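Undergrad: Sequence first, then the predicted structure, then my questions.
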Amino acid sequence: MKRRSRSTSRVVPPIALAVVFLLSLSAAAVSGAQDQDAVKVVRFKDGTAITGKILEMNIYTIRVQAADGSTVTRPFDDIASIRNRDDLDRTRGTLPVHTVAVGLEAFHKEYKEPDVMNEKGMMFGVGLAYTYRDRAMFKASLLLAYGEVDYENSGTLDGIPDRHVELRGLVGYDVAVDPTFVVTPYIGLGYRFLRNDAAGMITSIGARGYNRESNYFYSPVGIAVVKILPGGWTLSAEAEFDYLWYGKQYSDLSDANPLFPDISNEQDRGYGIRGAVRIEKKLTASSVFFEPFVRYWHISQSDDAIFSAGGTLYRGYEPENSTTEIGAAVGLAF
């Protein structure tokens, strides 16, 4: 009995291993067959694409049976990508590949230099944006805004012309949680231009104004979510952090005093935070949207610019400051 028991113990492990091996081969074969039967979208380097089943593929050629039953054979080196049609449909069914949006926006702007001054007023602008989505996301946008702000320090000055230009480029990746919900983390580059034209204006205490210009280069890092609702409605939101890479300030001090030179200062420390919620309704050939938003910037004190005027040495710098913009946009998307 003991010898027989030893013999069985020697035979059973190889048999078990063989069974496990055969089952693994079967599972792999089934998985491979299922993958082969899946409908693929094969894109080629010349820009063409074929949707169908892959009949054969090796290092030399690929043979695809198209939806109309025809068979296409191409060199393997011509392939740009191969993806499951179901995966593409899942994302494309949620969001359009190409979108162009045009909107009008209005926002209240408040600029503060603690213990120095503040400016506030309404801004009105137009925004343009183009978005491309095919799993990867790319978005380019431009904002042009104009308004008048009121200055307050030891004196006051109302109606100062204020200009705002912002150009942004974003790249991200769409994650389709389900056919009606997409999450998109993104990163990008942005340029923000501000100009305050107070030259020729005089405050309530007789101080002369001067023109100021701000240039900021930054990187947005954020996340956006889109939810498709019944009845052609879409609800989306985004939250973003902006990292300041470089800032340059130009102050035309000669506008206020001909003895003063025009100076410039560099600012390389600061950040921004922004958030928005959009509700959108699908129409026949376009969509109409409404988007309330908030944008905030905090910029640290600049470096010093030392200059002399009338035999006196001066130190010019841009103080620590913050800007808050609260408003809404309304527009059309195509």
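TA: Thanks, I have it.
Undergrad: Gln301 belongs to a helix, doesn't it?
TA: No: using DSSP: H, G, I helix; E, B strand; the rest coil, the assignment for Gln301 is coil, not a helix.
Undergrad: can you pull the contacts of it?
TA: Gln267, Tyr317, Glu318, Pro319, Glu320 (Cβ atoms under 8 Å, 6 or more residues apart in numbering). (C-beta placed from N, C-alpha, C; glycine too.)
Undergrad: could I get the residues you listed as JSON lines with neighbour count, distance to Leu55 and secondary structure?
TA: Conversion of the contacts of Gln301 to JSON lines gives the following (neighbours: other Cβ atoms under 10 Å; distance: Cβ to Cβ, whole Å; DSSP: H, G, I helix; E, B strand; the rest coil):
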{"residue": "Gln267", "neighbour count": "22", "distance to Leu55": "62", "secondary structure": "strand"}
{"residue": "Tyr317", "neighbour count": "16", "distance to Leu55": "71", "secondary structure": "coil"}
{"residue": "Glu318", "neighbour count": "25", "distance to Leu55": "67", "secondary structure": "coil"}
{"residue": "Pro319", "neighbour count": "14", "distance to Leu55": "70", "secondary structure": "coil"}
{"residue": "Glu320", "neighbour count": "18", "distance to Leu55": "67", "secondary structure": "coil"}
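Undergrad: Span of stretch 145-163 from start to end?
TA: By Cα to Cα, to the nearest Å, the extent of stretch 145-163 from end to end equals 6 Å.
Undergrad: residue boundaries of the strands in the stretch 151-300 of the chain?
TA: 156-173, 175-178, 181-197, 211-228, 233-251, 263-267, 270-282, 287-299 (DSSP state E, counting those that start in this stretch).
Undergrad: residues in contact with the next helix or strand along the chain from the last one?
TA: Proceeding N to C from strand 287-299, the next assigned helix or strand is strand 305-309, under DSSP states H and E. Among residues not part of strand 305-309, those counted as contacts by Cβ under 8 Å, 6+ apart are Asn257, Leu259, Phe260, Pro261, Ile263, Ser264, Asn265, Leu313, Tyr314, Arg315, Gly316, Tyr317.
Undergrad: Make a markdown table out of the residues you listed and add pLDDT and distance to Asp78.
TA: Formatted as a markdown table, the contacts of strand 305-309 follow (pLDDT from 0 to 100; distance: Cβ to Cβ, whole Å):
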| residue | pLDDT | distance to Asp78 |
| --- | --- | --- |
| Asn257 | 91 | 69 |
| Leu259 | 90 | 71 |
| Phe260 | 93 | 66 |
| Pro261 | 93 | 63 |
| Ile263 | 94 | 59 |
| Ser264 | 95 | 54 |
| Asn265 | 95 | 55 |
| Leu313 | 92 | 70 |
| Tyr314 | 92 | 68 |
| Arg315 | 92 | 66 |
| Gly316 | 90 | 62 |
| Tyr317 | 91 | 60 |
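Undergrad: Now that Asp268 has come up, it's in contact with Gly247, right?
TA: Yes: in this structure, Asp268 is within contact of Gly247 by Cβ atoms under 8 Å, at 6.5 Å.
Undergrad: who's more crowded, these two?
TA: Gly247 (21 against 14; other Cβ atoms under 10 Å).
Undergrad: Isn't the more buried one up against Gly272?
TA: No: counting by Cβ under 8 Å, Gly247 does not reach Gly272; the two are 11.4 Å apart.
Undergrad: List the contacts of the residue nearest the centre of the chain.
TA: With distances taken as Cα atoms, centre = their mean, the residue of the chain nearest its centroid is Leu170 (3.7 Å). By Cβ under 8 Å, 6+ apart, the contact list for Leu170 reads Met137, Phe138, Lys139, Ala140, Ser141, Tyr186, Ile187, Gly188, Pro220.
Undergrad: If you drop the residues flanking it in sequence, what lies closest to it?
TA: Of all residues not flanking Leu170 in the chain, Gly188 sits nearest, at 3.7 Å (Cβ to Cβ, 6 or more residues apart in numbering).
Undergrad: I'd guessed the one you found sits against Ser141; true?
TA: No: Gly188 is not in contact with Ser141 according to Cβ under 8 Å; the separation is 9.7 Å.
Undergrad: which residues do the two both contact?
TA: With Cβ under 8 Å, 6+ apart as the test, Gly188 and Ser141 both reach Arg168, Leu170.
Undergrad: Which helix or which strand is home to Gln65?
TA: strand 61-66.
Undergrad: so what does that strand touch, helix or strand wise?
TA: strand 40-44, strand 49-57, strand 71-75 (3 or more Cβ pairs under 8 Å, 6 or more residues apart in numbering; DSSP states H and E).
Undergrad: Next, the angle strand 40-44 makes with that strand.
TA: 130 degrees (axes from the mean of the first three to the mean of the last three Cα atoms, to 10 degrees).
Undergrad: Fine, thanks again, bye for now.
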